[in-house]
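A.B. asks: coordinates only, no sequence provided:
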């Protein structure tokens, strides 16, 4: 069977992308244990994801498994990031019409 999605991305690549995000959430969460001496520390991570990447990569599951919560989302406005040029790995321009901005929060209160 053909495991490619509408963007030509295969199942293995989707899995690799999901694992990359999971490791990102895990790595930042580890810092939480290093700041226990502070009264309150809040970490935030912002992601811009295109189309169905949020569900396809199981982003919410990866975040909650590592102690993060989705604290906000909305349309992505690339003009908020001067110099940003949305592109694929090969440098080819990519549309941001379906992109969404997601904000995750990890809090630690001793």
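C.D. replies: Received it, and whenever you're ready, just let me know what you need. For clarity, every value in this text was computed on a predicted model and none was experimentally measured.
A.B. asks: CA only for contacts and neighbour counts going forward, please
C.D. replies: Noted.
A.B. asks: just the element for the most centrally placed residue in the chain, please.
C.D. replies: What sits nearest the mean C-alpha location of the chain, by Cα atoms, centre = their mean, is residue 47, with 4.1 Å. For residue 47, the enclosing helix or strand under DSSP states H and E is strand 41-49.
A.B. asks: name the residues that touch the next helix or strand after that strand?
C.D. replies: Reading on from strand 41-49 to the C-terminus, the next helix or strand found by DSSP H and E is helix 53-56. For helix 53-56, the surrounding residues in contact (Cα atoms under 8 Å, 6 or more residues apart in numbering) are 14, 59-60.
A.B. asks: now the lengthiest helix in the chain and strand 41-49, what's the angle there?
C.D. replies: Secondary structure of the chain read by DSSP state H shows that its longest helix is helix 11-32. Interaxial angle, helix 11-32 versus strand 41-49 (axes from the mean of the first three to the mean of the last three Cα atoms, to 10 degrees): 160 degrees.
A.B. asks: any idea of the mean pLDDT for helix 11-32?
C.D. replies: What helix 11-32 shows for mean pLDDT is 83.
A.B. asks: one step back: the strand holding residue 47: which residues count as buried?
C.D. replies: 48-49 (16 or more other Cα atoms under 10 Å).
A.B. asks: counting by contacts, list what that strand packs against.
C.D. replies: strand 100-108 (3 or more Cα pairs under 8 Å, 6 or more residues apart in numbering; DSSP states H and E).
A.B. asks: now the angle from the strand it packs on to strand 41-49?
C.D. replies: Using the same axes, to 10 degrees, strand 100-108 lies at 160 degrees relative to strand 41-49.
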